[in-house]
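A.B. asks: Predicted model follows, preceded by the sequence.
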Amino acid sequence: MKRAWVANVALICMLPVVAIWASMADEPFIITLATKVAILALAGVGLNMALGQGGLVSLGHAAFFGIGGYAMGILASHAQSYTPLLEWPMLIEGSNSMPVIWLLALVSSGLAALVIGALSLRTNGVYFIMITLAFGQMFYYFSISWPAYGGEDGLAIYMRNGFPGLNTLVPLHFFGLAFAVLLVALALATLIGRSPFGLALNAARQSSERVETAGIRPYRLQLTVFVLSGMVTGLAGALFADLNRFVSPSMFSWQTSGEIMVFVILGGVARLCGPLAGAALFILLEQLLGGISDYWHIFLGALLLLIILFARGGVMGLIAGPGERAHV
Amino acid sequence: MSPVLIAEQVLNGVQSGVVLFLMAAGLTLVFGVMGLINLAHGSLFMVGAFAAAGVASATGSFLLGLVAALAAAAAAGALVEVLVLRRLYAREHLDQVLATFALILIFSEGVRWVFGSFPLFLDIPTALSGTVSLPGGILYSRYRLALIATGLVVALGLYLLIAHTRIGMQVRAGASDREMIAALGVDIGRLYTVVFALGAALAGLAGALVGAIQSVQVGMGEPVLILAFVVIVIGGIGSIKGAFIGALLVGLTDTLGRLFLPPLFALFMDSSAAATVGSSLASMSIYVLMAIVLVLKPSGLFGART
Amino acid sequence: MSEVILAAVGISKRFDALQASRDISLDLRRGEIHALIGPNGAGKSTLIQQIAGRLKPDAGRIVLEGRDVTALDTAERARLGIARTFQVSALAMEDTALQNVVLGVLGARGGAYRMWGNALARGSLRDRAEQAVARVGLTNMATTRASALSHGGRRQLEIAVALALDPKAFVMDEPMAGLGTSGSHDLTELLSGLRDEAPVLMVEHDMDAVFALADRISVLVSGEIIATGTVDEIRANSAVRRAYLGEEEGA
């Protein structure tokens, strides 16, 4: 347990160290990469709540990631063009303030997760996987066919949105913001993991019969965590859109869902910092292998295959030793 | 809207349903017999399309292209089964999802490496080009009609194979009781490889048939794969009959949604807005269908209890 | 006659051609162990599932302390005090014994949605769980994972979880199944004491245990209760000997 704790702390500290070093060395691209790691890790932390603790193999988290992204895109584009988002039944203006955008991202991705979860949790196992994947694809096609916000071409935002007290255009400031959000999410995941809710949820993953006969409905536990999970991933989507100053339907694509899951698995399922390790490794591989070959996804695929077949604990399993369960 | 147009769109719906059936049948067989969820099924669809396009353009024969598609997809399927998937049958669904996701990455990039990023084209054979006139003054693509016929013949063949042959019996028994069938002395490893190759061949056939209507390119398989999942959720897992009915329902809902929803909205909004809203909602119609089935019958129309 | 705690009233259930329950009426009274016996395929499990809430009867009612609970699902019935144990242990295998029991306390007292605080922190939640663990004699194993417990240990743990629910009635599906002689001896003692906390309805094949424990026995054959009575009454019942023991000889 101690080894796991040390590994977690080391991993968490590594990212700001890299970012600060890059800032001093005047390497803004490296800071951007570190920011991307923090944001993708956040998306993974979201998925890991459902996947690791709830055992819900959602292949549709791109839906929430994309909704978060479009929450940013839609609000910021209205602010950019000085047109109200809605005039009736009440006036809603666009916004280029991150807290407002985040609120919309959290609320809308939470609502989407509530609907998708309520439907797909009526089933389980392989059905759940197929249904979440399908609903994710629904948002993808919808975003393509809805022309108001760029349709297939996506939507560019010229200025990064602001955050009170920070200059988000300074790469290190924006990194700090994304990293702080990641820390909050990690703290939240830890808190939930050891709480009574986490205990019941983890039991539901292992035996829904056990939980039912203890007087607790697994469905409601799972729906609750699915909504929380969707909200965290949605927030990551809003930050990701702000990082790129661009949103497009590809945020909704099944590849995005798959990649978020890959972060979690590369790092190690149900490990607190698994998504962070996984996202960092993913970006590292993208930079290293992508530089060698345009077809680096082949190597990523092969690596993933090897990890699944032979090293099931993921990276954190190798570093931190076996058997870290968040709430033990 | 003329009845002829509607009839034509119904045929288009049936045609896309037939393609979905070929995909869903393989998926549902593999799931029913081996308990495996295979995301790489879409890659086999793509392999079939590329093999058909490559061989047809090299030899000038569409038929040889079809044969190549079946052979290439079946071979790729068998290879993948032997090398990777059989290690996953006893694993959790999560491992299966990730391993087959990894396979998609390998297949897609591999094909891109070999064929490049530009789409290939597969020409409709001359014997099947042009249109036929159907009763009621409907002119319809001869090729699409042949595609529908092929799909129906395959569906019938699959039904006969499963209901009336020795291997079909093993498949049905394998789906319900793996130990039992192993105890009866059936070589279960070989059965699995055969079933997987059969499913792969169906996917390859679908890819080749579709390849002559759309462009053949990397990534063409996954959208069809996801629709095939919708088909399976609607039809019920493990059921060929469910896959067939589900596929037709999805094909028809999608095509007719695109046909009827925009004019429907034009009844109460101006026409350009109606076209936008209608077509956006039409893109969601099959998922709404899936949601309705989930509310009414979570295990699918023909599914056994999960 | 003492007070009826749990009753099945006129339960019928049919699966296609199979009539699994045929107008079954059965009651469980305060302070008793009521054993349900019968040959394989008689419909014992189906009946237990209808009482616990997993299956809905086609006709008839399940009544707990005078309240009709037929329309309620498993979780609601568990909260009202029907504590079920399984033939094949249903436990959170990766969790410790104590964590499994805490789950039961959470179910009974509410709070399963509290997302802060440590589930295992000192306090009334943990006290109650430890008390239940002690009651079944697992105190030394409290921090052992369920998967590392012996077969008998898991049985004891299931009972501890059931106890943590502060149940009105225990419903047990073959608690003795798969236990060795000494294991079933220990469990017999534990079960015997449980009836003072809440009456026990149990399906059981181990006749030694049934005759040692049961205050009353009901015999289920082909979905029908053919006799209910004390151990001696059942032993003497000719219909039971014919139907039940006859079946045993044939098997």
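C.D. replies: Nice, I can see it.

A.B. asks: Chain A: helices as residue ranges?
C.D. replies: Taking DSSP state H to define them, one finds helices in chain A at A:2-24, A:28-48, A:62-81, A:98-120, A:125-145, A:171-194, A:196-206, A:208-213, A:218-244, A:254-267, A:274-292, A:296-310, A:314-320.

A.B. asks: now chain B
C.D. replies: Under DSSP H, chain B gives helices at B:3-34, B:41-59, B:62-83, B:93-115, B:142-164, B:166-176, B:178-183, B:188-211, B:221-235, B:240-266, B:271-282, B:285-296.

A.B. asks: distance between the second one and the chain's centre?
C.D. replies: Relative to its parent chain, helix B:41-59 has a centroid offset of 15 Å by Cα atoms, centre = their mean, to the nearest Å.

A.B. asks: Just give me the neighbour total for whichever residue of the stretch 51-200 of chain B sits closest to chain A.
C.D. replies: Chain A sits closest to B:Leu105 of the stretch 51-200 of chain B, with a gap of 3.3 Å, by Cβ to the nearest Cβ. To be clear about C-beta, it is placed using only N, CA and C from the backbone, and glycine gets the same treatment. Neighbour count for B:Leu105, taken as other Cβ atoms under 10 Å in any protein chain shown: 26.

A.B. asks: can you tell me how far the nearest residue to it once chain neighbours are set aside sits from B:Leu98?
C.D. replies: Closest residue to B:Leu105 apart from its sequence neighbours, by Cβ to Cβ, 6 or more residues apart in numbering or on different chains: A:Gly301 at 3.3 Å. Computed as Cβ to Cβ, to the nearest Å, the A:Gly301 to B:Leu98 distance reads 10 Å.

A.B. asks: Give the residue from these two that has the larger number of neighbours.
C.D. replies: With neighbours defined as other Cβ under 10 Å, A:Gly301 and B:Leu98 compare such that B:Leu98 has more, 27 against 22.

A.B. asks: these two touch, right, the more buried one and A:Val262?
C.D. replies: Yes - here B:Leu98 lies in contact with A:Val262, judged by Cβ atoms under 8 Å, at a distance of 7.2 Å.

A.B. asks: Quick check: neighbours shared by those two?
C.D. replies: Contact with both B:Leu98 and A:Val262 is made by residues A:Leu304, according to Cβ atoms under 8 Å, 6 or more residues apart in numbering or on different chains.

A.B. asks: Please identify the residue most distant from the middle of the chain.
C.D. replies: If you meant another chain, say so; for now it's chain A. Of all residues in chain A, A:Thr213 has its C-alpha farthest from the mean position, at 33.4 Å, by Cα atoms, centre = their mean.

A.B. asks: Chain C is the one I meant
C.D. replies: C:Trp116 (33.0 Å).

A.B. asks: Excluding chain neighbours, what is closest to A:Tyr82?
C.D. replies: Closest to A:Tyr82 by Cβ to Cβ, 6+ apart is A:Gly94, at 7.8 Å.

A.B. asks: mind showing which ranges of chain B have poor pLDDT?
C.D. replies: Low-confidence segments of chain B, defined by pLDDT under 70: B:174-181, B:304-306.

A.B. asks: If we ignore the residues flanking it in sequence, what's nearest A:Ala270?
C.D. replies: A:Gly52 (3.1 Å).

A.B. asks: Let me see the contact set for that neighbour.
C.D. replies: A:Val264, A:Val269, A:Ala270, A:Arg271, A:Gly274, A:Ala326.

A.B. asks: For chain B, see how far away it is.
C.D. replies: 10 Å (Cβ to the nearest Cβ, to the nearest Å).

A.B. asks: number of nearby residues for the nearest residue to B:Leu139 once chain neighbours are set aside?
C.D. replies: Nearest non-adjacent residue to B:Leu139, counting by Cβ to Cβ, 6+ apart: B:Thr131, 4.5 Å away. Look at B:Thr131: counted by other Cβ under 10 Å, it has 13 neighbours.

A.B. asks: OK, contacts around B:Thr131?
C.D. replies: B:Leu139, B:Tyr140, B:Ser141, B:Arg142.

A.B. asks: So in terms of bridging, what pairs with it?
C.D. replies: Assessed by DSSP bridges, B:Thr131 has beta-bridge partners B:Ser141.

A.B. asks: how many neighbours does A:Ala270 have?
C.D. replies: Count around A:Ala270 with other Cβ under 10 Å applied: 22.

A.B. asks: Could you pull up phi and psi at it?
C.D. replies: Here is the backbone geometry of A:Ala270 (degrees, to the nearest 10): phi 60, psi 20.

A.B. asks: Just the pLDDT at it, thanks.
C.D. replies: Looking at A:Ala270, its pLDDT stands at 71.

A.B. asks: Verify the contact between it and A:Gly54 for me.
C.D. replies: No - the criterion here is Cβ under 8 Å, and A:Ala270 misses it with A:Gly54 at 9.8 Å.

A.B. asks: show me the contacts for C:Thr74.
C.D. replies: A:Glu212, A:Thr213, C:Ala52, C:Gly53, C:Arg54, C:Arg84.

A.B. asks: swap the cut-off to 7 Å and go again
C.D. replies: A:Glu212, A:Thr213, C:Ala52, C:Gly53, C:Arg54 (Cβ atoms under 7 Å, 6 or more residues apart in numbering or on different chains).

A.B. asks: so which of these is the most crowded?
C.D. replies: Neighbour-wise, these (other Cβ under 10 Å) top out at A:Thr213, 30 neighbours.

A.B. asks: so that one touches C:Glu76, yeah?
C.D. replies: No - between A:Thr213 and C:Glu76 there is no contact under Cβ atoms under 7 Å: 11.4 Å.

A.B. asks: Show me which helix or strand of chain A is least confident by mean pLDDT.
C.D. replies: helix A:314-320 (a mean of 72; mean pLDDT, DSSP states H and E).

A.B. asks: Around chain B, pick out the residues from the stretch 201-328 of chain A.
C.D. replies: Residues of the stretch 201-328 of chain A lying near chain B by Cβ under 7 Å from any Cβ of the partner chain: A:254, A:258, A:261, A:265, A:295, A:297-298, A:300-302, A:304-305, A:308-309.

A.B. asks: 10 Å instead, please
C.D. replies: A:253-255, A:257-259, A:261-262, A:264-266, A:269, A:293-310, A:312 (Cβ under 10 Å from any Cβ of the partner chain).

A.B. asks: are any of those buried, and which?
C.D. replies: Among these, the ones that count as buried by 16 or more other Cβ atoms under 10 Å in any protein chain shown are A:253-255, A:257-259, A:261-262, A:264-266, A:269, A:295-301, A:303-305, A:307-308.

A.B. asks: quick revisit: which one of the helices of chain A has the lowest average pLDDT?
C.D. replies: helix A:314-320 (a mean of 72).

A.B. asks: can you count the residues close to the residue nearest to B:Gly130 when sequence neighbours are not counted?
C.D. replies: Nearest residue to B:Gly130, sequence neighbours excluded (Cβ to Cβ, 6+ apart): B:Arg142, at 5.6 Å. The number of residues packed around B:Arg142, counting by other Cβ under 10 Å, is 16.

A.B. asks: Test my guess that B:Arg142 contacts B:Leu11.
C.D. replies: No - the criterion here is Cβ atoms under 10 Å, and B:Arg142 misses it with B:Leu11 at 11.8 Å.

A.B. asks: does the closest residue in space to C:Asp68 that isn't next to it in sequence count as helix, strand or coil?
C.D. replies: Spatial nearest neighbour of C:Asp68, chain neighbours left out: C:Arg61 (5.4 Å); criterion: Cβ to Cβ, 6+ apart. The three-state label given to C:Arg61 by DSSP: H, G, I helix; E, B strand; the rest coil is strand.

A.B. asks: State the number of residues packed around C:Arg61.
C.D. replies: Other residues close to C:Arg61 by other Cβ under 10 Å number 15.

A.B. asks: Now do it, the pLDDT please.
C.D. replies: 96.
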